[in-house]
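A.B. asks: got a predicted structure here, sequence first:
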Amino acid sequence: MDLIRRSSSRELTSNLGESLVTPIRTSGFSPTKSASYEVETELAEFGILPVKEETPTKPPNRLVNKPIVNLERPWYKEAVFYEVYVRAFNDADGNGFGDLAGLASRLDYLSNLGVNCIWLLPLYPSPLKDDGYDVADYCGVHEHYGTIEDFQVLVKAVHERNMRIIADLIPNHTSDQHEWFKKARADRNSPYRDYYVWSDTPDKYSDARIIFLDTEPSNWTYDPVAGQYYWHRFFASQPDLNFDNPVVQEEFLNVMRFWLNMGIDGFRVDAIPYLFEREGTNCENLPETHAYLKRMRKMIDDEFPGRVLLAEACQLPHQVREYFGDSDEFQMGFHFPVMPRIYMSIKAANSTNLKEIMAETPEIPESCQWVTFLRNHDELTLEMVSKAERKWMWEQYAPDARMRINLGIRRRLAPLMDNDRRKIELAHSMLLTLPGSPILYYGDEINMGDDIELSDRNGVRTPMQWDSTLPHAGFSTAERTYAPVIKSASYGPHRVNVRDAERDPSSFYHILRFMIGQRRKHSAFGFGNFQWLECGDVSLACWIRSYGVDTVCVVHNLSADHKQARIELNMSSQQQDSPLSSCCQDILTGARFPIESDGSVRLSLEPYQFYWLDCSTWYLHGF
């Protein structure tokens with residue numbers, strides 16, 4: 001097997017069998033208009049540019065599905081999340097679109113993989129100009145995906161498998177097809193007019209950067225029906241809501257209550273830095289935003305204890321830290337900058353940038369957690385790296401201009417890693433052992449490919465490949481699906497599909513399943529401290545995770561060369577004298593390594609090899 005290239009197949013099979021039975025801070029980054037101009041020039045250089053008066057929504061009065069609640073131990077700190085694009089996952093009714101019933105029928109697959117929580121991308125009624133992030137109704141389900149009743153069935157089925165489920169919440173903006181906006185633009189005297197941000201000129205808030213420079217010339221768009229400009233931080237078809245309006249604030253609390261009463265376990269809250277606007281600022285991370293988020297969290301804690309909020313803020317770590325508050329805003333927050341640095345470190349065989357961003361990652365409240373990922377439904381964003389690093393990443397990982405979009409790369413994990421199992425396993429080892437709860441993107445567990453011929457980000461949102469049958473790889477029985485299945489020689493369903501992966505004990509699916517199972521046995525990964533270990537070679541990335549007596553030393557060879565490593569475990573003299581301190585054991589292979597008299601471990605690593613060394617029989621100095 002590729003994960004244990006250096007161990008016998010019998011040793012790996014034994015370990016797998018056991019698992020199957022048991023379940024540099026980028027200098028001076030400050031988003032401004034001038035920064036937008038510089039980025040626009042950079043993009044061009046790399047070829048990327050070519051109302052009925054209702055009252056606020058009322059939530060249902062009863063709890064439809066009871067969630068799993070354990071207030072004693074924060075489940076999300078040791079969870080493995082799985083991001084599901086429902087449209088692409090499984091089509092139960094044969095209309096060419098994945099749906100909730102199709103997802104429900106595949107829950108055992110996710111449970112067997114070791115997933116603790118499913119994250120659903122937007123399900124709301126929508127014109128789908130932005131894959132559902134353009135919401136037309138916050139309290140419904142898009143007809144392609146099913147009904148509210150189907151959603152209730154799904155939540156119940158998830159909880160029956162002792163898993164959890166969170167959903168996307170998009171408070172920053174709606175679709176221009178939402179009834180609120182239709183009524184707002186039609187009548188200046190409508191109360192819905194104040195649901196959005198309007199101006200007679202496009203000159204306000206000029207210090208705010210333009211996020212989608214490849215498609216949007218301005219954050220303002222003129223509406224001839226309304227006779228004014230409306231504000232939007234993303235696409236022009238997504239007008240921003242006015243959170244200075246108390247009615248809008250209450251609307252969103254009621255939207256949250258609606259879905260929480262269905263039994264979901266929380267929300268991934270989209271685009272949170274942009275909720276408020278103030279002249280003379282970049283309109284991001286404003287105090288008013290934090291004040292509202294505290295109100296949101298208080299409602300959750302008071303009315304739905306045990307539910308969680310995940311912050312989506314593509315910011316540097318010290319900025320995201322503010323969204324944890326004093327444990328009174330979000331419980332979880334994405335660590336965006338660590339993701340590109342995993343790719344940088346593997347391609348360059350140099351751990352320096354990863355080490356630096358981890359050193360710049362601040363402490364967070366004990367009840368809070370970072371969230372990490374390798375890929376997702378969007379581009380591999382390069383916002384949080386320097387211009388020189390971005391140029392290098394495009395050259396290395398996206399040499400074809402079609403692979404680039406905005407400030408990122410629109411490719412899947414396996415193609416980015418040259419479909420090299422050693423690199424793919426190495427990247428996942430880093431994901432699973434760095435601080436934070438990891439998120440897997442659907443299909444990455446079987447090494448699905450991408451289709452750069454498809455527009456926008458659609459090339460990484462193709463149908464899940466369940467088997468090798470044609471024409472739709474078991475995804476749907478429809479004649480035509482929302483998008484074509486990957487047809488390439490390396491990634492087509494004849495080479496990549498779930499059925500074959502499940503049947504092959506040496507597949508990456510089973511390796512990842514085993515790694516997840518081993519991770520779950522060690523609280524150090526979810527709750528533990530983190531310490532980077534110096535080992536005198538930048539092509540090695542080594543760190544310690546420690547929680548109580550549970551201590552794991554993780555060692556990665558980032559290079560294509562064989563490496564001899566000497567890892568100093570920094571033991572006290574008492575530990576060195578202890579018979580329990582004579583060796584440590586690799587969690588993944590069972591291999592044992594002697595601890596020498598000076599408290600060091602010597603390892604021989606093949607290209608891209610890694611170890612998870614269990615050091616729990618002794619304590620590390622300082623932990």
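C.D. replies: Good, I have the coordinates. Numbers count the residues shown, from 1 in each chain.
A.B. asks: I'd assumed residue 136 was in contact with residue 177.
C.D. replies: Yes: judged on CB atoms under 8 Å, residue 177 makes contact with residue 136 at a distance of 4.8 Å. Every C-beta, even on glycine, is put in place using the N, C-alpha and C of the backbone.
A.B. asks: which neighbours do those two have in common?
C.D. replies: Common neighbours of residue 177 and residue 136, counting by CB atoms under 8 Å, 6 or more residues apart in numbering, are 126, 127.
A.B. asks: the two: which is more packed in?
C.D. replies: For residue 177 versus residue 136, neighbours defined as other CB atoms under 10 Å are more numerous around residue 136 (21 against 16).
A.B. asks: show the contacting residues for the more buried one.
C.D. replies: 124, 125, 126, 127, 174, 175, 177, 178, 179.
A.B. asks: need those in a markdown table with secondary structure, can you?
C.D. replies: Formatted as a markdown table, the contacts of residue 136 follow (DSSP: H, G, I helix; E, B strand; the rest coil):
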| residue | secondary structure |
| --- | --- |
| 124 | coil |
| 125 | coil |
| 126 | coil |
| 127 | coil |
| 174 | coil |
| 175 | coil |
| 177 | coil |
| 178 | coil |
| 179 | helix |
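A.B. asks: where does pLDDT dip in the stretch 1-150 of the chain?
C.D. replies: 1-72 (pLDDT under 70).
A.B. asks: all strands for it, in order.
C.D. replies: For the stretch 1-150 of the chain, the strands defined by DSSP state E, counting those that start in this stretch cover 81-84, 117-120.
A.B. asks: surely residue 147 meets residue 141?
C.D. replies: Yes: at 5.8 Å, residue 147 counts as touching residue 141 under the criterion of CB under 8 Å.
A.B. asks: what's the overlap in contacts for these two?
C.D. replies: Contacts common to residue 147 and residue 141, judged by CB under 8 Å, 6+ apart, are residue 100.
A.B. asks: these two: which is more packed in?
C.D. replies: Using other CB under 10 Å as the criterion, residue 147 and residue 141 rank with residue 141 on top: 19 against 15.
A.B. asks: beta-bridge partners for residue 84, please?
C.D. replies: Under DSSP bridges, the beta-bridge partners of residue 84 are residue 120.
A.B. asks: who's in contact with it?
C.D. replies: 103, 118, 119, 120, 121, 442.
A.B. asks: could you list the low-pLDDT ranges of the stretch 451-600 of the chain?
C.D. replies: 570-581.
A.B. asks: most tightly surrounded among the strands of the stretch 1-150 of the chain?
C.D. replies: Most buried of those by mean neighbour count (mean count of other CB atoms under 10 Å) is strand 117-120; its value is a mean of 24.
A.B. asks: one step back: dump the contacts of residue 84 to CSV, plus distance to residue 162.
C.D. replies: Formatted as CSV, those follow (distance: CB to CB, whole Å):
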residue, distance to residue 162
103, 17
118, 12
119, 17
120, 18
121, 23
442, 20
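A.B. asks: neighbours of the closest residue to residue 143 other than its chain neighbours, how many?
C.D. replies: Spatial nearest neighbour of residue 143, excluding adjacent residues (CB to CB, 6 or more residues apart in numbering): residue 125 at 7.3 Å. Around residue 125 there are 21 other residues, counting by other CB under 10 Å.
A.B. asks: what's the answer for residue 451, then?
C.D. replies: Neighbours around residue 451, by other CB under 10 Å: 19.
A.B. asks: helix/strand/coil for it?
C.D. replies: With three-state DSSP as the basis, residue 451 sits in coil.
A.B. asks: now do the contacts for it.
C.D. replies: By CB under 8 Å, 6+ apart, the contact set of residue 451 is 458, 459, 462, 484, 486, 487, 488.
A.B. asks: can you do 10 Å?
C.D. replies: Going by CB atoms under 10 Å, 6 or more residues apart in numbering, residue 451 touches 410, 412, 458-462, 483-488, 491.
A.B. asks: could you tell me which of these belong to helices?
C.D. replies: Among those, no residue falls in helices (DSSP state H).
A.B. asks: narrow these to just the buried residues.
C.D. replies: 410, 412, 458, 459, 460, 461, 462, 483, 485, 486, 491 (16 or more other CB atoms under 10 Å).
A.B. asks: so which of those residues belong to strands?
C.D. replies: With strands taken from DSSP state E, there is no overlap with these.
A.B. asks: farthest pair in the residues you listed?
C.D. replies: 410 and 485 (17.8 Å; CB to CB).
A.B. asks: before we move on, back to that, can you lay out the buried ones among the contacts of residue 451 as a markdown table showing distance to residue 552?
C.D. replies: Below are the buried ones among the contacts of residue 451 laid out as a markdown table (distance: CB to CB, whole Å):
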| residue | distance to residue 552 |
| --- | --- |
| 410 | 35 |
| 412 | 29 |
| 458 | 39 |
| 459 | 37 |
| 460 | 32 |
| 461 | 35 |
| 462 | 36 |
| 483 | 41 |
| 485 | 39 |
| 486 | 36 |
| 491 | 33 |
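A.B. asks: tell me which of these is nearest to residue 257?
C.D. replies: residue 461 (30.2 Å).
A.B. asks: dump the residue contacts of the closest one.
C.D. replies: Contacts of residue 461 by CB under 10 Å, 6+ apart are 85, 87-88, 121, 131, 377-378, 410, 412, 441-443, 450-451, 454, 482-483.
A.B. asks: distance check, it against residue 248.
C.D. replies: Distance, residue 461 to residue 248, by CB to CB, to the nearest Å: 30 Å.
A.B. asks: what do you get for residue 227?
C.D. replies: 22 Å.
A.B. asks: okay, the two: which has more neighbours?
C.D. replies: For residue 227 versus residue 248, the count of surrounding residues by other CB under 10 Å is larger for residue 248: 20 against 11.
A.B. asks: wouldn't the more buried one be in contact with residue 172 here?
C.D. replies: No: shown here, residue 248 and residue 172 do not form a contact pair, counting by CB atoms under 10 Å, at 11.1 Å.
A.B. asks: who touches both of those two?
C.D. replies: Here residue 248 and residue 172 have 241, 275 as joint contacts, going by CB under 10 Å, 6+ apart.
A.B. asks: number of nearby residues for residue 246?
C.D. replies: 9.
A.B. asks: that one and residue 302, how far apart?
C.D. replies: 19 Å.
A.B. asks: same question for residue 417.
C.D. replies: For residue 417 relative to residue 302 (CB to CB), the value is 45 Å.
A.B. asks: between the two, who's got more neighbours?
C.D. replies: Higher neighbour count among residue 417 and residue 302: residue 417, with 24 against 8, using other CB under 10 Å.
A.B. asks: quick one, grab the pLDDT at the more buried one.
C.D. replies: The model reports residue 417 with a pLDDT of 98.
A.B. asks: tell me which element the nearest residue to it once chain neighbours are set aside is part of?
C.D. replies: Once flanking residues are discounted, residue 417 sits nearest to residue 423: 4.1 Å by CB to CB, 6+ apart. Using DSSP states H and E, residue 423 sits within helix 421-433.
A.B. asks: can you pull the buried residues of that helix?
C.D. replies: Judged by neighbour count (16+ other CB under 10 Å), helix 421-433 contains these buried residues: 421-433.
A.B. asks: just confirm residue 358 is within a helix.
C.D. replies: Yes: the assignment for residue 358 by three-state DSSP puts it in a helix.
A.B. asks: what is the residue lying closest to it once chain neighbours are set aside paired to in the beta sheet?
C.D. replies: Distance criterion CB to CB, 6+ apart; nearest residue to residue 358, sequence neighbours excluded, is residue 532 at 6.1 Å. Taking DSSP bridges as the rule, residue 532 bridges to residue 543.
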